[in-house]
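Asks: Here's a sequence, model it:
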Amino acid sequence: MVLKPLLIIFTMVTNMPRPRKDAIRNEFTDVFADASIDRSRAIGPQIYDLVRLKIILSQLPPGTGINEHELANLLGVSRTPVREAYQKLADDGLIVSRPQVGSVVAPLDDDRVTEGIIIRRALEREVMKMLCDHGCDLHRVEPLLAMQKVAVDQDDYVAFFNADEEFHALLAELAGIPAAWRLAQSVKAHTDQARVRLTSAIPRRIELAFSEHLQLIDAIRARDAQTAQRVISQHIDSVFEAIGKHSKIREVR
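Replies: Next up is the predicted model:
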């Protein structure tokens, strides 16, 4: 089976005793306690981004029920944008509908993890090529690198993940193909789940990721597309290779 090492790590979670139902609902409410909706913007995409991030960060672990009506009440919105968000989350494979239960967070899907890595690698290699071939002003990258350095110093993998997402989105924008990152986002949710969980389990793992970001920027400044593409491939695969992952990814290289 693909990504068997991941299953070993996540087995402990699935085998833990189930908390009482009222405790689960209290935890669900707490997860969204600090959530806010900007009513000057489309609400559905905001709810999608919010729930997606909570799932990726394991604040909503697999099997957690996410009732449409309950979430609408918590966020103070109608059920229509919540339903819109849920449909997209279902398309991403992040939530599933179960009879007599309703919508719940889906388990990690090994095939989707692999798919996300392969697609993201291909897209980001093209981003690197375009940045190196055409050049760009990298001054907007500096604040994000500073944020990442703070996260590394504090060993804060959640803060690093958020800054990392902004970093790669900005590189796609600077390359003139922001849709590349949006496409990657649509297929890499399960990859991100695995990456965040594994990163949190490997002490100081984000130091390596940050050093690879610095290598990428150096290669882009030098207009060295070959090095930039090599580093981005290594960057995307490295967390899985760190735990001895040798599956479909290697087969398609």
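Asks: make it CA atoms for all contacts and neighbour counts henceforth
Replies: Will do.
Asks: pLDDT score assigned to R25?
Replies: You'll see R25 listed with a pLDDT of 59.
Asks: again with P143
Replies: The score at P143 is 96. That number is its pLDDT.
Asks: Longest helix of this structure, counting residues only.
Replies: helix 110-134 (DSSP state H).
Asks: and that helix, what other elements does it pack with?
Replies: helix 157-174, helix 178-187, helix 189-201, helix 205-221, helix 225-241, helix 248-251 (3 or more C-alpha pairs under 8 Å, 6 or more residues apart in numbering; DSSP states H and E).
Asks: change it to 10 Å
Replies: helix 4-14, helix 157-174, helix 178-187, helix 189-201, helix 205-221, helix 225-241, helix 248-251 (3 or more C-alpha pairs under 10 Å, 6 or more residues apart in numbering; DSSP states H and E).
Asks: Could you dump the ones you listed into TSV and include distance to E68?
Replies: Shown next, in TSV, are the helices and strands packed on helix 110-134 (distance: least, C-alpha to C-alpha, whole Å):
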stretch	distance to E68
helix 4-14	24
helix 157-174	26
helix 178-187	21
helix 189-201	20
helix 205-221	35
helix 225-241	34
helix 248-251	36
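Asks: Mean pLDDT lowest where, among those helices?
Replies: helix 248-251 (a mean of 40).
Asks: can I get the helices and strands packed on helix 110-134 in TSV with mean neighbour count and distance to V77?
Replies: Below are the helices and strands packed on helix 110-134 laid out as TSV (neighbours: other C-alpha atoms under 10 Å; distance: least, C-alpha to C-alpha, whole Å):
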stretch	mean neighbour count	distance to V77
helix 4-14	13	32
helix 157-174	19	25
helix 178-187	16	24
helix 189-201	20	25
helix 205-221	18	37
helix 225-241	19	37
helix 248-251	12	42
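Asks: how far out from the middle of the chain is the longest helix of the chain?
Replies: 14 Å (C-alpha atoms, centre = their mean, to the nearest Å).
Asks: okay, the angle between that helix and helix 178-187?
Replies: Interaxial angle of helix 110-134 relative to helix 178-187 (axes from the mean of the first three to the mean of the last three C-alpha atoms, to 10 degrees): 170 degrees.
Asks: Which SSE is immediately downstream of helix 110-134?
Replies: helix 142-153 (DSSP states H and E).
Asks: that older thread, which stretch among the helices and strands packed on helix 110-134 comes nearest E126?
Replies: Of all those, helix 225-241 sits nearest to E126, with 8.0 Å by C-alpha to C-alpha.
Asks: one step back: using neighbour counts, pick out the buried residues of the longest helix of the chain.
Replies: By 16 or more other C-alpha atoms under 10 Å, the buried positions in helix 110-134 come out as 110, 112-118, 120-121, 123-132.
Asks: what's the angle from it to helix 157-174?
Replies: 50 degrees.
Asks: same question for helix 110-134, mean pLDDT?
Replies: pLDDT averaged over helix 110-134 gives 93.
Asks: okay, the angle between that helix and helix 189-201?
Replies: Using the same axes, to 10 degrees: helix 110-134 against helix 189-201 is 90 degrees.
Asks: what is the orientation angle of helix 110-134 with helix 225-241?
Replies: Computed by the same axes, to 10 degrees, the angle separating helix 110-134 from helix 225-241 equals 160 degrees.
Asks: Now do helix 110-134 and helix 205-221, the angle between them.
Replies: Using the same axes, to 10 degrees: helix 110-134 against helix 205-221 is 30 degrees.
Asks: in which helix or strand would I find P61?
Replies: With DSSP H and E as the criterion, P61 is inside neither a helix nor a strand.
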